[in-house]
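S.K.: Here is the input, now give the coordinates:
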Amino acid sequence: MKNLIEHQAEDVFLHHYRQFDAEGIKLTILAMERLLSIHDLAQKHIQQIHDALLFLLAYPANEQGFQLANSCMQLLVQTVTKIVKNKPDVFYNSGITGSHVCAQFGLILNKILLDEKLETHELNGVDGDNSDLMGKLAYTLDDVEQELMPNETNTFNKWKKRYLPNIKDPRTLLDYYVNATLKTTGSIAYQESLFAQFQLFTRFSLDPNLLGLSLGRAPIKSPYFHNNGIQKKSSLEEVFALGKPIKITLNDKAKAHLVKVARGSMASLLRETDTFTYANENETELYNMGEGIQIALYYMIPEQKFSLQSYIGYLLFKNGLPMAYGGCWLFAHQAAFGVNVLPPYRGGESAKVVAQLLRVYHYRFNISQFTVDPYQIGKGNSDGIQSGAFWFYYKLGFRPMQNELAELARTENEKMLTDRSYRSSSKILLKLANSDIYWQTAGNTKAFIPLLPLSDSIGQYVAKSFSGNRQTALEFVRKKAQKSAGIKIGSNSFLNRMLLFLEAAGAFEKLKTTDLQKVCAAYSQKDQQEAEAYLALQKVKDFWIILI
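M.R.: Take a look at the predicted model:
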């Protein structure tokens with residue numbers, strides 16, 4: 001066995017690291033000890049070893065294995081960093097700390113990355129249409145430059161020659177586009193839309209300070225060890241019975257760290273999600289779920305928050321490692337949720353991950369019914385079809401709302417129970433992917449409220465009463481709110497956003513003045529304390545009755 005480890009440490013490690021029997025654990029530890037002693041990992045295996053080490057750190061069998069995996073990860077990052085210094089394109093887009101990545105990211109995330117002053121962060125290419133790009137850039141010039149801009153600056157190269165003379169450094173050019181866009185008049189959403197049209201590709205190094213997937217961690221007191229292996233099956237009822245999660249007190253530094261880990265882990269995977277990019281650090285929360293699982297909740301800056309729903313993102317950590325991310329779209333006592341287990345951890349405790357996510361939203365926001373975006377189960381998502389994602393949620397207890405699809409799912413499930421070799425065809429799974437699947441807590445009596453009709457009611461009201469002029473309608477409702485309920489609107493953005501909805505729903509006529517005032521007070525609080533505003537709104541029972 002010793003000779004095998006010396007000559008084939010990497011192969012032995014990759015073959016046994018997911019095994020939790022005594023022999024598998026022993027061979028994995030021996031392999032890691034050997035990897036540390038040779039100080040030189042084979043380049044062809046580094047990506048696989050990196051992902052395997054992440055899995056081991058999340059699911060260690062014992063203290064020795066956990067510490068060895070940490071040491072091996074440090075060695076691996078050092079090896080990659082050393083190789084990349086001489087060969088920058090090696091491990092390109094691998095997501096390993098020390099390597100380089102290149103992708104299209106949004107305006108704000110690029111600004112955040114520029115502020116990090118990474119060793120490499122530069123413009124890698126511009127794919128936007130030249131004429132369209134020049135039209136957008138014209139608005140970033142000084143007024144006099146705009147007035148006297150010659151017609152021949154209609155291509156990107158001519159533009160650069162005239163307005164950015166002798167500036168060829170890719171980092172300086174990126175800095176120009178980012179900051180020029182930020183100077184344009186308009187909302188963040190408008191600026192992001194403008195920046196996206198440039199189709200800029202940026203390249204940057206995964207500096208250790210970026211806290212990417214390799215080294216980004218949430219602080220933990222001690223790791224959780226899986227000395228009895230991992231739990232593949234888990235029920236929602238069993239996990240919910242664990243009760244209310246423990247909220248961890250965070251100072252400003254800890255909140256900022258969690259936001260940085262969220263952004264870094266996504267950037268290393270060439271991904272971006274709004275709740276991390278636009279995170280409002282002050283509202284960030286962290287919950288201890290037990291068994292080494294922590295869940296951080298992320299709320300967005302006021303300008304990017306949703307008006308009607310509350311879109312709250314999350315990052316689930318296992319032993320401090322980012323394992324899964326996504327978000328919930330909350331409304332009343334219901335929530336639509338999405339989950340993405342990161343690649344290195346797939347094949348682990350996915351059912352428990354989903355159950356713990358729903359648990360934290362249930363207890364934090366009094367959610368009693370959850371729905372899943374059809375994309376998660378395969379609608380427009382070939383991976384969801386191939387993996388049979390519908391059945392993952394079905395086994396957890398989710399069921400289609402549509403009667404026809406519920407019957408189809410029941411019939412298919414009976415076939416699988418009768419014949420263990422039976423599998424639903426792709427054609428059947430594509431049909432099931434059109435399901436609106438839901439799960440609800442035992443004894444739930446809250447009615448499900450479809451959201452699209454609420455949006456339609458606004459359009460119908462404005463069209464009927466104000467010929468489609470929303471600004472005129474809004475001015476009318478402002479005066480009505482102040483006159484009928486003594487509500488001073490002021491400049492509060494959320495209350496202004498909600499006035500037309502409240503009027504279209506009939507809130508000013510159907511709610512008691514005290515309830516109407518509570519509703520308006522809750523929306524006024526949403527900009528900086530979204531969770532508290534959401535819970536306050538839930539308590540106004542008559543408000544939800546008029547929406548059903």
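S.K.: Name the surrounding residues that touch the longest helix along the chain.
M.R.: Longest helix in the chain, counting residues (DSSP state H): helix 63-86. Contacts to helix 63-86, defined as Cβ atoms under 8 Å, 6 or more residues apart in numbering, come from residues 25, 28-29, 32-33, 35-36, 39-41, 43, 46, 49-50, 53-54, 56-57, 60, 90-91, 96-100, 205, 208, 214-215, 223, 225, 319. All C-beta spots, glycine's among them, are computed from the backbone N, C-alpha and C.
S.K.: List buried members of these by neighbour count.
M.R.: 25, 28-29, 32, 35, 41, 46, 49-50, 53-54, 56-57, 60, 91, 96-100, 205, 214-215, 223, 225, 319 (16 or more other Cβ atoms under 10 Å).
S.K.: Low-confidence bits of this protein, can you list those?
M.R.: For the chain, the stretches with pLDDT under 70 are 1-7, 39-40, 128-133, 154, 490-492.
S.K.: Only alpha carbons, please: show the lengthiest strand in the chain as PDB.
M.R.: Counting by DSSP state E, the longest strand found in the chain is strand 321-331. Output in PDB follows, covering the C-alpha atoms of strand 321-331 (Å, rounded to 0.1, in the frame of the first residue of the first chain):
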ATOM      1  CA  LEU A 321     -17.200  26.800   2.500                       C
ATOM      2  CA  PRO A 322     -19.700  28.300   0.100                       C
ATOM      3  CA  MET A 323     -21.800  25.400  -1.100                       C
ATOM      4  CA  ALA A 324     -25.000  26.600  -2.600                       C
ATOM      5  CA  TYR A 325     -26.500  30.000  -3.600                       C
ATOM      6  CA  GLY A 326     -29.800  31.300  -4.800                       C
ATOM      7  CA  GLY A 327     -32.700  33.300  -3.500                       C
ATOM      8  CA  CYS A 328     -36.400  33.500  -2.500                       C
ATOM      9  CA  TRP A 329     -39.000  35.800  -3.900                       C
ATOM     10  CA  LEU A 330     -41.300  36.400  -0.900                       C
ATOM     11  CA  PHE A 331     -44.900  37.600  -0.900                       C
END
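S.K.: which neighbours does that strand have in its sheet, and in what orientation?
M.R.: Here strand 321-331 has these sheet partners by DSSP bridges: strand 310-318 (antiparallel), strand 334-341 (antiparallel).
S.K.: Out of those strands, which one sits most buried?
M.R.: Among the strands paired with strand 321-331, strand 310-318 has the highest mean neighbour count (mean count of other Cβ atoms under 10 Å), at a mean of 24.
S.K.: Mind checking what secondary structure Lys44 has?
M.R.: Under DSSP: H, G, I helix; E, B strand; the rest coil, Lys44 falls in the helix class.
S.K.: distance of it from Val90?
M.R.: The gap separating Lys44 from Val90 is 11 Å, by Cβ to Cβ, to the nearest Å.
S.K.: for Ser268, same thing?
M.R.: Separation of Ser268 from Val90 (Cβ to Cβ): 16 Å.
S.K.: Run through the residues that contact the residue nearest in space to the middle of the chain.
M.R.: Geometric centre of the chain, nearest residue: Gly326, 3.8 Å, by Cα atoms, centre = their mean. Counting by Cβ under 8 Å, 6+ apart, Gly326 makes contact with Gly313, Tyr314, Phe337, Gly338, Val339, Asn340, Leu357.
S.K.: Can you report how many residues lie near the closest residue to Arg478 other than its chain neighbours?
M.R.: Counting by Cβ to Cβ, 6 or more residues apart in numbering, the nearest residue to Arg478 once its immediate chain neighbours are dropped is Ile489, at 5.2 Å. For Ile489, the neighbour count with other Cβ atoms under 10 Å is 16.
S.K.: Now tabulate the strands paired with strand 321-331 in CSV and tack on distance to Asn86.
M.R.: Formatted as CSV, the strands paired with strand 321-331 follow (distance: least, Cβ to Cβ, whole Å):
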stretch, distance to Asn86
strand 310-318, 34
strand 334-341, 34
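S.K.: among those strands, which is nearest Ser425?
M.R.: Closest approach to Ser425 among those (Cβ to Cβ): strand 334-341, 25.3 Å.
S.K.: Which residues does the closest one contact?
M.R.: 323-329, 348, 350, 353-354, 357-358, 361, 365, 367-373, 375-376, 446, 448-449.
S.K.: Same question for stretch 111-120.
M.R.: Residues outside stretch 111-120 that contact it (Cβ under 8 Å, 6+ apart): 88, 100, 105, 121, 174-175, 178-179, 182, 202-205, 207, 209-210, 263, 267, 277.
S.K.: Would you list the buried entries among these?
M.R.: Using 16+ other Cβ under 10 Å, the buried ones in the contacts of stretch 111-120 are 100, 105, 121, 174-175, 178, 202-205, 207, 210, 263, 267, 277.
S.K.: Quick one: residues contacting the closest residue to Phe91 other than its chain neighbours.
M.R.: The spatial neighbour of Phe91 that comes closest, neighbours along the chain excluded (Cβ to Cβ, 6+ apart), is Ser99 at 3.8 Å. For Ser99, the contact set (Cβ under 8 Å, 6+ apart) comprises Val80, Val84, Val90, Phe91, Tyr92, Asn93, Ser205, Leu206.
S.K.: repeat that with 6 Å
M.R.: Ser99 is in contact with Val80, Val84, Phe91, Leu206, counting by Cβ atoms under 6 Å, 6 or more residues apart in numbering.
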